[in-house]
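S.K.: Predicted structure and sequence below. I'll ask about it afterward.
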Number of protein chains: 2
Amino acid sequence: MTTSAQVPAGTGPAAARLEEARRAYADLLGQGLSLDLTRGKPSARQLDLSADLLRLPGDRHTAADGTDCRNYGAPNGLPELREMFSGFLQVPVEQLIAVGNSSLELMHDCLVHALLGTVPGAPRRWADEDRVAFLCPVPGYDRHFSLCERFGIEMIPVPMTAEGPDMAEVTRLVAADPAIKGIWCVPKYSNPDGTTYSDAVVRALATMPTAAPDFRIFWDNAYAVHHLTDEETEVGDILGACTAAGHPDRAFVFGSTSKITFAGAGVAFFGSSPANVAWLRGHSAKRSIGPDKVNQLRHVLFLRDADGVRAHMRRHRALLRPKFDAVLRVLAEELGDTGLATWSTPKGGYFIVLNVPDGCAAEVVRRAGDAGIALTPAGATHPYGKDPRDSVIRVSPSYPDLAEVEQIVRGVATCVRLVGYEKQVAAEG
Amino acid sequence: MTTSAQVPAGTGPAAARLEEARRAYADLLGQGLSLDLTRGKPSARQLDLSADLLRLPGDRHTAADGTDCRNYGAPNGLPELREMFSGFLQVPVEQLIAVGNSSLELMHDCLVHALLGTVPGAPRRWADEDRVAFLCPVPGYDRHFSLCERFGIEMIPVPMTAEGPDMAEVTRLVAADPAIKGIWCVPKYSNPDGTTYSDAVVRALATMPTAAPDFRIFWDNAYAVHHLTDEETEVGDILGACTAAGHPDRAFVFGSTSKITFAGAGVAFFGSSPANVAWLRGHSAKRSIGPDKVNQLRHVLFLRDADGVRAHMRRHRALLRPKFDAVLRVLAEELGDTGLATWSTPKGGYFIVLNVPDGCAAEVVRRAGDAGIALTPAGATHPYGKDPRDSVIRVSPSYPDLAEVEQIVRGVATCVRLVGYEKQVAAEG
């Protein structure tokens, strides 16, 4: 890369840095890249880790209790698979159901059934409320926000802190406004900033008074076992905390194997209080004659038990960790002394957040796109796709190979310098 | 079985027949049966026909177009699988999507999206209508009716004829009432009476004026390839007929492989006009990051092509046909000369309808249950579970083995004689 030694004499410092960035960007354009960092997709090598699934269940077609997995029935999913994930998702096995291939679908369906049915404790269907709002910790997950937008659910952003959502703000809002029916949470290795909620935050979520009697925490524990370090962070048990606080029906817990085995061909989980599980099951029973139990059996035979899951996730980590390390190293090399950016250093999950100067994120993404580097649209981490400070960029290093990750992040850093220095020079001018 | 020769002398003919039926029923009770004829489930031997699926896709994980089936994406499903079913479902491949494991789920979701979204041509969301009603040809499929009941959609029964729904009644109703937004149809080998809609009925459904601009035909072609005879009945092309009639958005076509490969571990299909497909896809895209394409690839490799599907279905027929023949033979033997019952003789599908004297169906099901024979609840074939004549019993011979089918039907026939003659004697007394 061009270094500051090459800055031409006779220009001011900001202008000189901009000049360097322009040269680096021109060089980037010249490379004719076509790279994609938009989504948190597992790489082909990660998917190869589950290759045995492609031949399973083989000669077997019965579950431990004798259920023929090929036929209709068993609407709660296979007990042995629910047992395997019960500890990871912190839900008693009898309150955990395994169904479908996507936890996003289960979140969608919980919203649908709360809109068109009556969730336990609700005075009426949400469709019959004048107004329904959800708290959205930001930065957050765009697909959560899309669900709210699609159903006309108002989104109220609350800032994330190093411990999770700003609970002073959350408790103030939910105590005052009965239209606030829920909050989106990715409690461990949060999408996108990697934060794990502290025990104090979990406790506050469980105990806080809410004006809505039917308030729900949508606890999307998508990265429950997706560690990047030996620390293997734990998060507080939300379901237990809610029950202890006298709010047993407050939490909906979601999980899936999408980033454990095959993305889209895995198994999803829903866990909650007995009343909530009965409520969802009652509605789901109208929709379906049962989940794909053959795929559940396949997962049981492949992953075997909780230790099998842990061992499998260590193999993912061996592939993912070098990519995250590369992102952090390149960001430090390229932006470390510029004052233009900060970034997260996650201990798990799929993302790194890159914070650029206010008003620069969309322009960085645009410039990167012009250079053949597709990034998640700026603003995607905020409700309605609008980051009010226009400063958050989500980096998803899982899919490209290691060399590409380094190339992409170096290119993105070039765009950050270009846009950041342009802004500085404009401000100075 | 007890014969009329054993009727005691000195009683009237009805009383004598009742006496015989009581003895036969006492004998049935003494057998201590525990048999289940409630649902149209494939038998284990039928499921064994698809045993190769349990080892597939094996070494393959890419679709014909190079898509990695293990990862997210391809929301419309694999083109080669859609191609395979395009002809059977009479939907152009570009208007046919393959998603999920259950067509019932797709019907549910179409209702949800019509309630909470705005279906093409609709003046408003169905949730915002004062009243939404569906026509329900009876006898019909209980799970269709459960969906309506769950969403508060009023059900208006219309009688089935030998050609399909009574179109004089249907056209009169839909022309007059703008709240009638749809009709449930199982157009081929209808559940439960086995009827295939005539071309005239298909044409009338496509051309009839409807007061609702957003009227939809829910065309559940569940038994498209499920023949029981060499005739291999065809049904008219509803999508083509609707398009030709200037109502391109009128029909939603559903299908699945649930009774082709594995029930619950198969693939479901939705086909309609480009506008309707875009509408469903737009809503589904919020819910899911894509279907289980590995299972779709598994089906492609197993079934291979349309001829592969036909050959596979002939193997199902070889297992099913003897069971249907046994039902018809035993019904003829046991009830043929009683005047107490009539029954359907389907050329495909999964069911036989047994029509008993008015006011007797629930009592027959109850008496059969007391004797250890579980039947589909009487009334299940009608909206709200209420058969106004209480005369229709659905017989599902697929699941039990051949000997059991014969035993069950003989037992049911005994219950029909018992209840029928009880009623005659009561009427005479």
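M.R.: On my side now, so go ahead.

S.K.: When you work out contacts or count neighbours from here on, use the C-alpha atoms and nothing else.
M.R.: Will do.

S.K.: right, is stretch A:305-324 up against chain B?
M.R.: No: Stretch A:305-324 stays clear of chain B (Cα under 8 Å from any Cα of the partner chain), getting no nearer than 14.8 Å.

S.K.: outside of that stretch, which residues touch it?
M.R.: A:45-46, A:49, A:84-85, A:225-228, A:260, A:303, A:352, A:397-398, A:401-402, A:405-406 (Cα atoms under 8 Å, 6 or more residues apart in numbering or on different chains).

S.K.: Please identify the buried residues of the helix or strand hosting residue A:201?
M.R.: Assigned by DSSP states H and E, residue A:201 belongs to helix A:199-207. Buried residues in helix A:199-207, counted by 16 or more other Cα atoms under 10 Å in any protein chain shown: A:199, A:201, A:202, A:203, A:204, A:205, A:206, A:207.

S.K.: Going along the chain from it, find the next helix or strand for me.
M.R.: By DSSP H and E, the next helix or strand past helix A:199-207 is strand A:216-220.

S.K.: what's that following strand packed up against?
M.R.: strand A:180-185, strand A:251-256 (3 or more Cα pairs under 8 Å, 6 or more residues apart in numbering or on different chains; DSSP states H and E).

S.K.: Any idea how far the worst-scoring helix or strand of chain A on mean pLDDT is from the middle of the chain?
M.R.: Least confident element among the helices and strands of chain A, by mean pLDDT, DSSP states H and E: strand A:35-37 (a mean of 88). Using Cα atoms, centre = their mean, to the nearest Å, the distance from the centre of strand A:35-37 to the centre of the chain it belongs to is 18 Å.

S.K.: before we move on, the earlier item: and the contacts of stretch A:305-324, which of them are in strands?
M.R.: Cross-referencing the contacts of stretch A:305-324 against strands under DSSP state E gives residue A:352.

S.K.: Secondary structure class of residue A:270, three-state.
M.R.: strand (DSSP: H, G, I helix; E, B strand; the rest coil).

S.K.: what about it, distance to residue A:75?
M.R.: 12 Å (Cα to Cα, to the nearest Å).

S.K.: Same question for residue A:53.
M.R.: Residue A:53 sits at a distance of 22 Å from residue A:75 (criterion: Cα to Cα).

S.K.: the more surrounded of these two?
M.R.: More crowded of residue A:53 and residue A:75, by other Cα atoms under 10 Å in any protein chain shown: residue A:53, with 24 against 18.

S.K.: In contact with the more buried one: list those residues for me.
M.R.: A:298, A:299, A:302.

S.K.: between these, which is nearest residue B:193?
M.R.: Of all the contacts of residue A:53, residue B:193 sits closest to residue A:298, with 37.3 Å by Cα to Cα.

S.K.: Number of residues surrounding that closest one?
M.R.: Residues within reach of residue A:298, counting by other Cα under 10 Å, total 23.

S.K.: So the longest strand anywhere in chain A, near chain B or not?
M.R.: Secondary structure of chain A per DSSP E: the longest strand is strand A:154-161. No: applying Cα under 8 Å from any Cα, one finds strand A:154-161 separated from chain B by no less than 15.2 Å.

S.K.: same for the helix holding residue A:201, what does it pack against?
M.R.: Counting contacts by 3+ Cα pairs under 8 Å, 6+ apart, helix A:199-207 is packed against helix A:167-176, helix A:238-244.

S.K.: what's the offset of it from the middle of its chain?
M.R.: 20 Å.

S.K.: Same question for stretch A:283-295.
M.R.: Worked out by Cα atoms, centre = their mean, stretch A:283-295 lies 26 Å from the chain centre.

S.K.: coming back round to it: generate TSV for the helices and strands packed on strand A:216-220, with distance to residue B:174, mean neighbour count and mean pLDDT as supplementary columns.
M.R.: Shown next, in TSV, are the helices and strands packed on strand A:216-220 (distance: least, Cα to Cα, whole Å; neighbours: other Cα atoms under 10 Å in any protein chain shown; pLDDT from 0 to 100):
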stretch	distance to residue B:174	mean neighbour count	mean pLDDT
strand A:180-185	39	23	98
strand A:251-256	42	25	98
